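A.B. asks: Have a look at this fold, sequence not included:
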């Protein structure tokens, strides 16, 4: 993260520091969208690495429901996974390779899929107890298809999000898991 943004975050201190940083990042985006994108991802990684769930909750509450989700969007897992049994195996792997790269949306169909790094072909059947529904496309693994539509978030502060119902397409297992989108998405440069 750039020195001036890191300094601004520390200088403001206290509970509202993430909202002050958000204001700075939004102002930066008006004139320098690429730099703002990089700085935003860096800031989210920093919050995740220190497991600052309160700061992430504040930022989530300031997000708007993303509109026009169509095509490839980048993403990152922020912090450690929790609340799911796969976390015990996935968290150590994410230290080596973050694995998840983002989502691809088909706005017209209301469907999408997750994009993962190539190592997912080997590790996901182990982590997810036999999920074999991944395919290799353009240097990434694709799978974990989902349907999506606007709704109220399942966690506080219950803002409007685009939750997805993930449907495993594996022939050996068929399970559904509710996931939560953390607000505005960033279009991939690919």
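C.D. replies: That came in fine, so what should we check first? Fair warning: this is a prediction, and the values are worked out from it, not measured in the lab. Residues are numbered from 1 along each chain as shown.

A.B. asks: Touching stretch 107-125 from outside, list them.
C.D. replies: Stretch 107-125 has contacts (CB atoms under 8 Å, 6 or more residues apart in numbering) with 68-70, 72, 89, 93, 97-106, 131-132, 134, 136, 139-149, 164, 166. C-beta: built from backbone N, CA, C; applies to glycine.

A.B. asks: Mind checking which of the residues you listed land in helices?
C.D. replies: 89, 93 (DSSP state H).

A.B. asks: Report the buried members of the contacts of stretch 107-125.
C.D. replies: 69, 72, 93, 99-105, 131, 134, 140-146, 148, 164, 166 (16 or more other CB atoms under 10 Å).

A.B. asks: which residues touch residue 102?
C.D. replies: Applying CB under 8 Å, 6+ apart, the residues near residue 102 are 72-75, 114-115, 188.

A.B. asks: can I get the residues you listed in JSON lines with distance to residue 157?
C.D. replies: Output for those, formatted as JSON lines (distance: CB to CB, whole Å):
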{"residue": "72", "distance to residue 157": "28"}
{"residue": "73", "distance to residue 157": "23"}
{"residue": "74", "distance to residue 157": "24"}
{"residue": "75", "distance to residue 157": "21"}
{"residue": "114", "distance to residue 157": "25"}
{"residue": "115", "distance to residue 157": "28"}
{"residue": "188", "distance to residue 157": "27"}
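
A.B. asks: can you pick the most crowded of the residues you listed?
C.D. replies: Among the contacts of residue 102, the one with the most neighbours (other CB atoms under 10 Å) is residue 115, at 25 neighbours.

A.B. asks: Considering only helices and strands, which part of this protein has the lowest mean pLDDT?
C.D. replies: None of the helices or strands of the chain scores lower by mean pLDDT, DSSP states H and E than strand 176-179, at a mean of 34.

A.B. asks: coming back round to it: farthest-separated two in the contacts of residue 102?
C.D. replies: 114 and 188 (13.3 Å; CB to CB).
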